[in-house]
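*Asks:* predicted structure and sequence below. I'll ask about it afterward.
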Amino acid sequence: PPRQEPLVAAAVPNELQDDIAQYDSIVEAVLANDPNLTQVVLDNKRQIGNNDGGEALWQALSLNNHVKVLSLQNSNITDDQMAALALALNENTSISNLYLQNNMFTSEGVEYLVVCLECNSTIQMVALEGNSTIDPRIIEELQGILQSRVGLANSVPNNVNKTKSVLERIRSKEPNLTELNLHGMGIGPNDTDAIMEALAGNVYLRKVDLSGNMIDDD
């Protein structure tokens, strides 16, 4: 009889295995409400979660009161995941900065955030650059809400708050923050020296994208 080859399950790419392991570790720390974990960074991922759509993370964040920064840049976040995230943020009272650039959600996903902001007064900055399918009017509505609670309260424009947030992330020296996407964040020449100084003291960041900003090539 013809020889039958043994069935072998398709291997999970090492990169995806690493992403899942990192995700599980972060979810565990968020669930433990670890006071040392103030930033959750899951940038540049093929997917968020171990085939659960990030549900474990959203649930953990809804119970956490120490995480202040959530970064999910370039991680294929969908409208459904934005809906689940918005529900979690309705319960969370610590997260102030959201980095959601370059994902797959549409205007529908941003609408969930707008509704969330009616209940959540902690969020002060939301970065949405690179999501090209969003209606500019919805972005204006969201920015209007944020500026009413941040820009007017502090008498500073929104791009200044974004620069301050970027500096805080770099200076925090979070080991998981190895890449930082600052494309189109409105960073100007006056901000460059402060950012370069902060980067000089960070040994974890390996890649920083400053393209699309108002800075000199030098």
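*Replies:* Looks like it arrived, so ask away. Numbers count the residues shown, from 1 in each chain.
*Asks:* contacts, neighbours, all on C-alpha from now
*Replies:* Fine.
*Asks:* where does this protein dip in pLDDT?
*Replies:* The chain contains residues with pLDDT under 70 at 1-13, 50, 150-162, 183-186, 212-218.
*Asks:* what's across from the residue positioned nearest the centre of it in the sheet?
*Replies:* For the chain, Ser71 is the residue whose C-alpha lies nearest the centre (C-alpha atoms, centre = their mean; 1.8 Å). Beta-bridge partners for Ser71, by DSSP bridges, are Val41, Tyr99.
*Asks:* residue contacts, it?
*Replies:* By C-alpha atoms under 8 Å, 6 or more residues apart in numbering, the contact set of Ser71 is 39-43, 98-100.
*Asks:* where do the helices sit along this protein?
*Replies:* All helices of the chain, identified by DSSP state H, fall at 14-31, 55-63, 79-91, 107-117, 136-146, 152-154, 158-171, 189-200.
*Asks:* mean neighbour count for these - can I get that in a markdown table?
*Replies:* Listed next are those as a markdown table, based on neighbours: other C-alpha atoms under 10 Å:
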| stretch | mean neighbour count |
| --- | --- |
| helix 14-31 | 16 |
| helix 55-63 | 20 |
| helix 79-91 | 19 |
| helix 107-117 | 19 |
| helix 136-146 | 15 |
| helix 152-154 | 11 |
| helix 158-171 | 17 |
| helix 189-200 | 14 |
